[in-house]
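Chemist: Show me how the following folds:
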Amino acid sequence: MKRKPFLFVAALCLFAGCGNNYNLDNGPDAKSISVMEIQVSPQSIRVGTPVQLLVTVILDSGEQFTNLTTSFEDPNTNEPLSIVWSSSNNGLAHVDEDARLIPTAPGSVTIQANLMGVMKTEVIRIFDAYSPPEPSPDQSVAEGGGDVEEETDKGTPCNGHAVSVVSFSAGSGSGFGMASLPDIVLGPPQGAGNVRGSVHVLSLGRNGEIVLGLGDCALVDGEGVDLIVFENAFYIGGDPENPYAELGAVSVSEDGVAFVEFPCSEEEFPFTGCAGWNPVYSASSNSISPFDTADAGGDHFDLADIGVSSARYVRIRDLGTAGFGTSVGFDLDAISVVNGIRETP
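Modeler: Modelled structure (predicted):
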């Protein structure tokens, strides 16, 4: 995972009204909170897509504490101090015990974090849940006009995302996003574009591996791209030929036991056949469909390249890439089934 240095490098004074100071003790060497920021990515979310709320605290000494959720450890006493979260309208969105914002209806809410009297607020917009357009079934029109006939021998075309985490084997240095499993890797992506990585991810850790279930919308070999895998890569210095890449190998399976892996050119750019090197643009805060192969971003896979006709499971395996702390390795945001079939009873 690579976004922390970019998300928290600034002095965080972009937000007004956070100048309250609260002394953690009254001694001559007391440290005080000078700035507190709520970090939400993205700042616009969709109904049914929880997001992790984070706080960054900067002390007068310049010491920074990032990625805080429900508590802050007093640097003088080592005692945990509670971060109390609240929503201005629990009917639209509420904050759960793990500091995740749970949106239930469209609108705008003000989220507040309170750390020992120092308060910070952030306004979050909530949109309706994303509903992909109904795919058009194969059609045949009788000569001279006639009724449209739906394809019935295989099933109904569908789009979808992962609906379950079948297994997760965390590698060394994993941890980021684990508290939000399984939801954080289910549903659509929350991309942040090509200049920074999203924090809506699960870090697999070095050589970690995850298997996702697709439910009743099976992946099939259709026209062009069948599957998109979304990580949180971005372009270093805006250069598309110099991505910050944390690569993963992708494989698929019909039964969840026998997997076929896409060949991955991991040694040098371009990393053809690998996941984790193309930025993600589709997010709940914009109108870019996660099934749009031209604009959604992410890494594209065609089942025809490996001779597979259908699959119900997708496995992603970190390729031993570097990272730091609990954010090592491939950072999974989501997957999209572009070509899918839902069997009809």
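
Chemist: Assign residue 304 to helix, strand or coil.
Modeler: Three-state assignment for residue 304 (DSSP: H, G, I helix; E, B strand; the rest coil): helix.

Chemist: how about the strands of the stretch 151-300 of the chain, start to end?
Modeler: Under the criterion DSSP state E, counting those that start in this stretch, strands of the stretch 151-300 of the chain are mapped to 156-161, 164-169, 202-203, 209-213, 218-220, 227-230, 234-235, 243-244, 248-253, 260-261, 299-301.

Chemist: of all the ones you listed, which lies closest to residue 327?
Modeler: Shortest distance between residue 327 and the strands of the stretch 151-300 of the chain, using C-beta to C-beta, is found for strand 202-203: 4.8 Å. Yep, even glycine has a C-beta here, placed from its N, CA and C like the rest.

Chemist: what packs against that closest one?
Modeler: For strand 202-203, the elements it packs on are strand 331-332, judged by 3 or more C-beta pairs under 8 Å, 6 or more residues apart in numbering; DSSP states H and E.

Chemist: So what's the gap between the strand it packs on and the chain middle?
Modeler: With C-alpha atoms, centre = their mean, to the nearest Å as the basis, strand 331-332 stands 7 Å off its chain's centre.

Chemist: out of the strands of the stretch 151-300 of the chain, nearest to residue 84?
Modeler: strand 202-203 (26.5 Å).

Chemist: Name every sheet partner of the closest one and say whether each one runs parallel or antiparallel.
Modeler: Strand 202-203 has the following strand partners under DSSP bridges: strand 331-332 (antiparallel).

Chemist: neighbouring contacts of the partner strand?
Modeler: Outside strand 331-332, the residues that touch it by C-beta atoms under 8 Å, 6 or more residues apart in numbering are 1-2, 176-177, 185, 197, 201-204, 210, 229-232, 246, 248, 276, 316.

Chemist: circling back to that earlier point, quick one, which of the strands of the stretch 151-300 of the chain gets closest to residue 288.
Modeler: When the strands of the stretch 151-300 of the chain are compared by C-beta to C-beta, strand 227-230 sits nearest residue 288, at 11.7 Å.

Chemist: quick one: contacts of the closest one?
Modeler: Strand 227-230 has contacts (C-beta under 8 Å, 6+ apart) with 189, 191, 219, 248, 250, 252, 275-276, 280, 282, 290-291, 293, 296-303, 314, 316, 332-338.

Chemist: Go again with 7 Å.
Modeler: 189, 191, 219, 250, 275, 280, 293, 296, 298-301, 314, 316, 333-338 (C-beta atoms under 7 Å, 6 or more residues apart in numbering).

Chemist: what's the offset of that strand from the middle of its chain?
Modeler: 12 Å.

Chemist: Then stretch 56-66?
Modeler: Using C-alpha atoms, centre = their mean, the offset of stretch 56-66 from its chain centre is 26 Å.

Chemist: Name the residues of that stretch that are buried.
Modeler: 56, 57, 58, 59, 65, 66 (16 or more other C-beta atoms under 10 Å).

Chemist: same deal with stretch 234-246?
Modeler: By 16+ other C-beta under 10 Å, the buried positions in stretch 234-246 come out as 234, 235, 243, 244, 245, 246.

Chemist: Just name the closest of the residues you listed to residue 109, please.
Modeler: Nearest to residue 109, judged by C-beta to C-beta, of the buried residues of stretch 234-246 is residue 234 at 28.6 Å.

Chemist: Verify the contact between the closest one and residue 244 for me.
Modeler: Yes - using C-beta atoms under 7 Å, residue 234 is in contact with residue 244, at 5.6 Å.

Chemist: so where's the stretch 201-345 of the chain uncertain?
Modeler: The stretch 201-345 of the chain contains residues with pLDDT under 70 at 321-325, 344-345.

Chemist: if you set the cut-off to 80 instead, what comes out?
Modeler: Within the stretch 201-345 of the chain, the ranges that satisfy pLDDT under 80 run 320-327, 343-345.

Chemist: can you pull out the helices in it?
Modeler: Secondary structure of the stretch 201-345 of the chain (DSSP state H, counting those that start in this stretch): no helices present.

Chemist: the domain parsing of this protein - what is it?
Modeler: As given by automatic domain parsing, the domain ranges for the chain are 4-127, 156-342.

Chemist: For residue 213, which residues are in contact?
Modeler: 162, 163, 164, 166, 312, 313.

Chemist: how about the closest residue to it other than its chain neighbours, what does it touch?
Modeler: Closest residue in space to residue 213, ignoring its immediate chain neighbours: residue 164 at 3.9 Å, by C-beta to C-beta, 6 or more residues apart in numbering. Residue 164 makes contact with 182, 213, 215 under the criterion C-beta under 7 Å, 6+ apart.

Chemist: run the last query once more with 10 Å
Modeler: By C-beta atoms under 10 Å, 6 or more residues apart in numbering, the contact set of residue 164 is 182, 185, 186, 211, 212, 213, 214, 215, 313.

Chemist: among the domains of the chain, which is the most enclosed?
Modeler: Among these, domain 156-342 has the highest mean neighbour count (mean count of other C-beta atoms under 10 Å), at a mean of 20.

Chemist: end to end, how far does that one reach?
Modeler: With C-alpha to C-alpha, to the nearest Å as the measure, the ends of domain 156-342 fall 5 Å from one another.

Chemist: and that domain, how far out from the chain's middle?
Modeler: 10 Å.

Chemist: ok, now stretch 88-105?
Modeler: 18 Å.
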